[in-house]
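Visitor: Quick one, what's the 3D model for this:
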Amino acid sequence: MSMASRLLPLIPLIPAISALVLTWLTWFGGSIGRARAGKLASGAVGVSLILAAIGFAEIAGSPPDARAVTVELFDWISLGSFRASAALVLDPLASVMTLVITGVGFLVHVYSVGYVQKEHDVHRYFAYLNLLTAFMLLLVLAENLLVLFVGWEGVGLCCYLLVGYRCQKRSAIDAGMKAFVIDRVGDVGLLAGILMTFVVFGTVSFQELLPLAPTKDTTAVGIIGVLFLVGAIGKSAQIPLHVWLLDTVEGPPPASALIQSATVVTGGVYLVVRTAALFAESPLAFGLVGAFGAVTALFAAAVALAQDDLRRALAYSTVSQVGYMFLACGVGAFGAAVFHLLTHAFGKALLFLCAGSVLHAMAGRTDVRGMGGLKEKLPVTYRTFVIATLGLTAVPPFAGFFSGNQILWSAFRDRDFLMWGTGIVVTFLTALYMGRLWMLVFEGRFRGSGIEMGPSGEPPVTWPLLVLAVGSVGIGFIGIPHYSAIASFLADPLAATTHEAASLAAEGSLVLLNVAIAASGLLLARRVYRGEASSSRPAAEEAVRPEPTLGWLRGRFGVDALYGRALVRPLLFLSRTILWRGVDRTVIDGGFHGSARLIRAGSEGLRLFQSGNLRLYLFVLFAGVVAMLAWMMLGARWAF
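Guide: Have a look, this model is predicted:
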């Protein structure tokens with residue numbers, strides 16, 4: 001038995017055990033101190049990171065045909081010829097995902113130790129964070145669709161718990177419920193896809209069903225792909241199920257960093273890449289992946305340009321970048337999608353942790369129009385934010401430059417100019433909205449009236465920012481000279497597809513064009529928003545002054561309002577007016593209460609005849625005799 005097979009079950013198990021211990025302490029009043037709770041949770045994820053690194057090293061050092069380690073824990077379902085076991089598999093794709101989840105997760109846990117010490121019930125927070133990590137690890141290590149579905153649902157549950165962690169706030173409760181309900185919509189598609197997979201393939205094991213994809217009916221495979229895509233759209237917050245991710249910012253910033261970088265939103269991308277062999281056999285499903293990704297990336301990038309809440313602007317950025325990954329899958333660049341997932345995990349986690357530092361210094365204020373000049377007060381946050389921004393906007397030599405250009409090059413090489421053009425526009429908009437945040441938050445004069453900051457407003461723990469910044473620079477170099485080695489390692493089903501040979505000059509010209517577009521977006525942002533950043537007016541006045549952006553972008557193209565009118569209001573009317581007041585209170589409660597009142601009234605009447613008064617008894621007896629005689633006499637008369 002290899003080292004990886006012995007250690008594999010421990011990777012998700014250790015964070016789960018830590019979550020169980022912290023839950024026990026929360027429910028039964030035990031205490032190991034706030035700092036110790038954070039250290040326990042961080043240490044558990046750190047051990048999983050070490051085990052994941054050992055597994056990755058063993059997989060990477062194995063021959064290509066031996067890069068899969070399967071561990072069967074126990075038989076789960078055995079029905080006739082169908083058999084499904086609780087099994088885990090560590091292959092190239094799973095090994096990369098475990099490193100991303102545990103690596104970024106460990107840094108987020110460590111950052112949280114110092115950041116959430118003033119929060120209520122810290123043990124519960126770290127239990128949720130550990131549980132989210134454990135379920136995400138179970139999702140990516142699943143050997144079959146049933147085990148994946150357990151991790152999938154667990155991740156959705158933990159997202160609900162973390163978003164609604166600040167349960168004293170009504171907005172946090174509503175946001176958690178919103179995330180939970182919308183996520184279930186996508187889960188219906190995934191569950192239907194799993195059932196149809198069983199019908200078509202007779203198995204739910206990835207190692208058994210994926211090689212059979214070319215032998216099955218294309219229509220059936222395409223339907224399965226579309227159903228899986230519905231699940232992926234819900235989990236990865238793609239249009240039209242993207243609205244839940246925007247409210248995850250109601251949770252603590254470190255939790256948002258983990259949800260939007262390395263766990264929840266990457267689940268849909270992972271599902272598409274894991275089942276890429278199914279999508280490759282269906283032009284319809286294949287095309288829909290790219291279409292949804294392109295539309296989402298363009299839509300979210302445009303809306304992010306007009307968001308004044310720092311957290312929501314970054315949330316729309318996440319939606320856009322995940323759409324970029326779907327776009328990559330839609331042009332057959334599954335390896336590039338995973339590569340971009342890797343670079344985005346570092347960059348977006350860094351951006352959200354930097355946003356947490358800003359909120360820490362600004363006493364919770366989130367409007368970027370009331371910030372400015374923070375680079376002097378938050379030097380570490382400023383420098384790391386700039387690094388993450390340059391990486392996200394694909395400026396060399398930062399990580400996003402390598403992964404983003406591989407996606408664009410893949411689209412251009414396949415002559416999919418619509419996808420390539422969409423990617424170019426998204427690159428420009430990304431540079432523009434990130435440049436806007438850069439200018440309004442850190443440059444110019446401080447506009448936060450009523451806020452007094454000391455010499456340094458940095459949070460207690462800053463070294464995770466530095467580690468993520470190093471990753472945001474260095475992780476992209478694994479894509480040199482080309483991501484084909486990455487695609488080959490990940491067993492990309494289309495990696496071996498032949499394309500016309502492209503000259504180095506053509507690819508270099510395209511890269512220079514992409515860099516020029518990104519640079520122009522940053523320079524335009526500097527030109528447009530530099531005056532805003534230099535304004536000395538207080539935040540209250542700044543908030544009412546219109547910015548030089550399209551006003552209708554603030555309304556998010558009316559999507560949220562449309563959901564409110566078309567879904568939320570009718571459902572609230574149905575639930576409150578018809579079901580609650582009409583059915584529950586009037587019919588059900590009214591029936592029970594009415595029967596109770598009827599019985600009580602009858603018993604009150606009968607009680608009058610059980611008073612113990614002899615005269616009353618004689619009177620009733622006499623009245624009864626008179627009534628009987630009257631009835632007999634009247635009856636005899638009517639008979640004649």
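
Visitor: Regarding the protein, what is its longest strand?
Guide: In the chain, assigned by DSSP state E, the strand with the most residues is strand 69-79.

Visitor: I'd like the next helix or strand past that strand.
Guide: strand 82-90 (DSSP states H and E).

Visitor: List the buried residues for that following strand?
Guide: The neighbour-count check on strand 82-90 (16 or more other Cβ atoms under 10 Å) flags 84-90 as buried. Yep, even glycine has a C-beta here, placed from its N, CA and C like the rest.

Visitor: can you put those residues in a markdown table and add distance to Ala355?
Guide: A markdown table is the format used below for the buried residues of strand 82-90 (distance: Cβ to Cβ, whole Å):
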| residue | distance to Ala355 |
| --- | --- |
| Ala84 | 42 |
| Ser85 | 43 |
| Ala86 | 39 |
| Ala87 | 39 |
| Leu88 | 35 |
| Val89 | 36 |
| Leu90 | 34 |
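
Visitor: mind giving me a markdown table with the residues you listed and columns for distance to Val515 and pLDDT?
Guide: Shown next, in a markdown table, are those (distance: Cβ to Cβ, whole Å; pLDDT from 0 to 100):
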| residue | distance to Val515 | pLDDT |
| --- | --- | --- |
| Ala84 | 49 | 82 |
| Ser85 | 49 | 87 |
| Ala86 | 48 | 88 |
| Ala87 | 45 | 90 |
| Leu88 | 42 | 92 |
| Val89 | 39 | 91 |
| Leu90 | 37 | 90 |
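
Visitor: Could you give me the buried positions within the longest strand of the chain?
Guide: 69, 71.

Visitor: could I get that strand in CSV with only the CA atoms?
Guide: Output in CSV follows, covering the C-alpha atoms of strand 69-79 (Å, rounded to 0.1, in the frame of the first residue of the first chain):
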residue,chain,number,x,y,z
VAL,A,69,-4.8,6.0,-6.0
THR,A,70,-8.2,4.7,-5.0
VAL,A,71,-9.2,3.9,-1.4
GLU,A,72,-12.5,2.0,-0.8
LEU,A,73,-13.7,2.7,2.7
PHE,A,74,-16.8,0.5,2.8
ASP,A,75,-19.7,-0.7,0.6
TRP,A,76,-22.4,1.9,0.6
ILE,A,77,-25.1,0.6,-1.8
SER,A,78,-25.3,-2.9,-3.3
LEU,A,79,-28.5,-3.5,-5.3
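
Visitor: angle of that strand against strand 82-90?
Guide: 160 degrees (axes from the mean of the first three to the mean of the last three Cα atoms, to 10 degrees).

Visitor: mind listing the helices for the stretch 101-250 of the chain?
Guide: 122-141, 145-163, 170-201, 206-209, 218-235, 243-246 (DSSP state H, counting those that start in this stretch).

Visitor: Out of the ones you listed, which is the most enclosed?
Guide: A comparison of these by mean neighbour count, using mean count of other Cβ atoms under 10 Å, puts helix 122-141 on top with a mean of 27.

Visitor: rewinding a little: now the angle between helix 145-163 and the longest strand of the chain, please.
Guide: Using the same axes, to 10 degrees: strand 69-79 against helix 145-163 is 100 degrees.

Visitor: just checking, what packs against strand 69-79?
Guide: Where contact means 3 or more Cβ pairs under 8 Å, 6 or more residues apart in numbering; DSSP states H and E, strand 69-79 is packed against helix 3-7, helix 34-60, strand 82-90.

Visitor: Repeat the analysis, applying 6 Å as the threshold.
Guide: helix 3-7, strand 82-90 (3 or more Cβ pairs under 6 Å, 6 or more residues apart in numbering; DSSP states H and E).

Visitor: need the next SSE after the shortest one, C-terminal direction.
Guide: Note on helix 3-7: by DSSP H and E, the next helix or strand toward the C-terminus is helix 10-28.

Visitor: Give me the residues contacting that following helix.
Guide: Contact with helix 10-28 is made by 40-41, 44-45, 47-48, 51-52, 123-124, 126-127, 130-131, 133-134, 137-138, as judged by Cβ atoms under 6 Å, 6 or more residues apart in numbering.

Visitor: do that again at 8 Å, thanks
Guide: 30-32, 37, 40-41, 43-45, 47-48, 51-52, 55, 88, 98, 102, 121, 123-124, 126-128, 130-131, 133-135, 137-138, 141 (Cβ atoms under 8 Å, 6 or more residues apart in numbering).

Visitor: where's the residue nearest to Ala142 when sequence neighbours are not counted relative to Phe126, distance?
Guide: Spatial nearest neighbour of Ala142, chain neighbours left out: Leu148 (3.8 Å); criterion: Cβ to Cβ, 6 or more residues apart in numbering. Separation of Leu148 from Phe126 (Cβ to Cβ, to the nearest Å): 26 Å.

Visitor: ditto for Pro240
Guide: For Pro240, the distance to Phe126 equals 34 Å [Cβ to Cβ].

Visitor: swap in Leu418?
Guide: 46 Å.

Visitor: Thr203 too?
Guide: The gap separating Thr203 from Phe126 is 38 Å, by Cβ to Cβ.

Visitor: same question, Trp152
Guide: Trp152 sits at a distance of 23 Å from Phe126 (criterion: Cβ to Cβ).

Visitor: Repeat that for Ala294.
Guide: From Ala294 to Phe126 the distance is 38 Å (Cβ to Cβ).

Visitor: just Thr381 next, same as before
Guide: For Thr381, the distance to Phe126 - Cβ to Cβ - is 23 Å.

Visitor: ditto for Lys216
Guide: Counting by Cβ to Cβ - Lys216 and Phe126 are separated by 45 Å.

Visitor: Ok, Phe352 next?
Guide: 18 Å.

Visitor: Also Phe286?
Guide: For Phe286 relative to Phe126 (Cβ to Cβ), the value is 41 Å.

Visitor: likewise Ala306?
Guide: On the measure of Cβ to Cβ, Ala306 and Phe126 end up 36 Å apart.

Visitor: Flag the shaky bits of this structure, pLDDT-wise.
Guide: By pLDDT under 70, the low-scoring segments of the chain are 1-4, 28-33, 448-459, 479-488, 491-505, 531-582, 608-609, 611, 635-640.

Visitor: Outline the domain layout of it.
Guide: 282-550, 557-599+615-639 (automatic domain parsing).

Visitor: Next, format the ones you listed as TSV and append mean neighbour count and distance to Arg170.
Guide: Shown next, in TSV, are those (neighbours: other Cβ atoms under 10 Å; distance: least, Cβ to Cβ, whole Å):
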stretch	mean neighbour count	distance to Arg170
domain 282-550	21	16
domain 557-599+615-639	11	15
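
Visitor: Is it possible to get TSV of the ones you listed that adds distance to Ala19?
Guide: Output for the domains of the chain, formatted as TSV (distance: least, Cβ to Cβ, whole Å):
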stretch	distance to Ala19
domain 282-550	20
domain 557-599+615-639	33
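
Visitor: Out of these, which is closest to Ala60?
Guide: Closest approach to Ala60 among the domains of the chain (Cβ to Cβ): domain 282-550, 7.4 Å.

Visitor: how far does the closest one sit from the chain's center?
Guide: Distance, stretch centre to chain centre, for domain 282-550: 18 Å (Cα atoms, centre = their mean, to the nearest Å).

Visitor: residues in contact with the closest residue to Val221 other than its chain neighbours?
Guide: In space, Val221 comes closest to Glu281 once its chain neighbours are excluded; the distance is 4.9 Å by Cβ to Cβ, 6+ apart. Listed by Cβ under 8 Å, 6+ apart, the contact set of Glu281 reads 213-214, 216, 218, 221-222, 225.

Visitor: Thought Val289 was touching Phe279, still the case?
Guide: Yes: under the contact definition of Cβ atoms under 8 Å, Phe279 touches Val289, with a separation of 6.2 Å.
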